[in-house]
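Asker: the sequence isn't on hand, but the structure is:
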């Protein structure tokens, strides 16, 4: 395991992997970073959607069904990201076709679902899309297979957010019977209740995993994420790095300017530390004035680059009362090394401690 003082001059070996990793880090600001979508906390969604969509298709006698996510927050621990018209969009669609055992996630066309969402509690039904001028040129009407019939039920959360629409479709023009329409509406209400309940539980869990002062992860969420990333590190045979950061002379700062000023400083520092991170990186308040950063798929070179950007960001900020200094320590573990995640944490903490106590103090 490699630990080092990130304030010292560092000249790593330029392996092919390190050069590639450096280029990837440099491109982080020019590409859309996809959030993790393999968390167990999100594993409930697709099986539930598959059941509801296939049941809706059976009830309505249609060959195709779909759930369209119109609101970013439907209870997902990490919202799914798609690319629509060249930009990142947190909306998405899940499709179910005949003979399919699960659902296919693919964003195709939101125009009909946006229209249907304007009338909560009502089934929106279009007998033949080709007879409606605004939808005759839509991606659904001209896709493969082309959609002629469309019906949807909007799903609304308890606080009024339009979470999405449950949809059924057919390749031929048709209409729902009164019985089908009533059953479809009731099925939509059941899915609406399920999504809203899970959404509420996720928000409650998020509150228990968030530091109330800074709004970033707390110690509990840090421990959970470190175990998760360690498992991924072992499974994928990729390097894993960690940074530990704390504020120098923070006690003197509190004594001089007061605890409210100290709280404000920590809030601002959390925002600064977050700025150079990728979507896959994780920042938490470890305790007091100490912060932890988990950097998946990151070797020593990548960790050094993150540390350099953090130091530059801290130096650029106009801090209230007086400029501050921070101590950074890092540890990197590669797949060939035999250790556990607690050893990685200890190594990063020791590197920060050596930095803090291995230099001459200044006047606070």
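Answerer: On my side now, so go ahead. Note that the structure is a prediction, hence the values are computed from the model and not measured.

Asker: by mean pLDDT, point me to the weakest helix or strand of the chain.
Answerer: Taking mean pLDDT, DSSP states H and E as the measure, helix 16-26 is the helix or strand of the chain with the lowest mean score, a mean of 36.

Asker: helices or strands next to the helix or strand just after it in the packing?
Answerer: On the C-terminal side of helix 16-26, the nearest following helix or strand under DSSP states H and E is helix 45-60. Here helix 45-60 touches strand 64-69, strand 92-96, strand 162-170, helix 178-208, going by 3 or more C-beta pairs under 8 Å, 6 or more residues apart in numbering; DSSP states H and E. To be clear about C-beta, it is placed using only N, CA and C from the backbone, and glycine gets the same treatment.

Asker: what helices or strands is the longest one leaning on?
Answerer: So the one you mean is helix 178-208. helix 45-60, strand 149-156, strand 162-170.

Asker: show me what contacts residue 292?
Answerer: For residue 292, the contact set (C-beta atoms under 8 Å, 6 or more residues apart in numbering) comprises 222, 242, 243, 244, 245, 283, 284, 285, 286, 345, 348.

Asker: again, but for residue 143
Answerer: 108, 109.

Asker: what's the spacing between it and residue 267?
Answerer: Distance of residue 143 to residue 267, computed by C-beta to C-beta, to the nearest Å: 48 Å.

Asker: any stretches of the stretch 51-200 of the chain with poor pLDDT?
Answerer: Scanning the stretch 51-200 of the chain for pLDDT under 70 picks out 72-89.

Asker: does residue 281 touch residue 302 like I think?
Answerer: No - assessed by C-beta atoms under 8 Å, residue 281 is found out of contact with residue 302, at 10.1 Å.

Asker: thought residue 320 was touching residue 263?
Answerer: No - in this structure, residue 320 is not within contact of residue 263 by C-beta under 8 Å, at 11.5 Å.

Asker: ok, residues contacting the helix or strand containing residue 283?
Answerer: Using DSSP H and E, residue 283 sits within strand 282-287. Residues outside strand 282-287 that contact it (C-beta under 8 Å, 6+ apart) are 211, 213-214, 216-219, 221-222, 225, 229, 244, 266, 270, 273-274, 277, 291-294.

Asker: please repeat the previous calculation with a cut-off of 7 Å.
Answerer: Around strand 282-287, the neighbours that count as contacts under C-beta atoms under 7 Å, 6 or more residues apart in numbering are 211, 214, 216-219, 221-222, 225, 270, 273-274, 277, 291-294.

Asker: ChimeraX command to pick out the buried ones of these?
Answerer: Only the buried entries of the contacts of strand 282-287 go into this ChimeraX selection, using 16 or more other C-beta atoms under 10 Å:
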select :211,214,216,217,218,221,222,225,270,273,274,277,291,292,293,294
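
Asker: ok now the strand holding residue 283, how far from the chain's centre?
Answerer: 16 Å (C-alpha atoms, centre = their mean, to the nearest Å).

Asker: what is the rounded mean pLDDT of that strand?
Answerer: The average pLDDT within strand 282-287 is 93.

Asker: what's the next secondary structure element after it?
Answerer: Following strand 282-287 toward the C-terminus (DSSP H and E): strand 290-296.

Asker: now do the contacts for residue 49.
Answerer: Counting by C-beta under 7 Å, 6+ apart, residue 49 touches 67, 94, 103.

Asker: and which of those residues is nearest to residue 324?
Answerer: residue 94 (47.2 Å; C-beta to C-beta).

Asker: neighbours of the closest one, just the number please.
Answerer: Applying other C-beta atoms under 10 Å, we find 23 residues neighbouring residue 94.

Asker: next up, the contacts around it.
Answerer: Per C-beta under 7 Å, 6+ apart, neighbours of residue 94: 46, 49, 53, 66, 67, 103, 105.

Asker: so how far is residue 129 from the closest residue to the fourth one other than its chain neighbours?
Answerer: Sequence neighbours aside, residue 167 is the residue nearest to residue 66 in space, at 4.5 Å (criterion: C-beta to C-beta, 6 or more residues apart in numbering). Applying C-beta to C-beta, one obtains 12 Å for the distance of residue 167 from residue 129.
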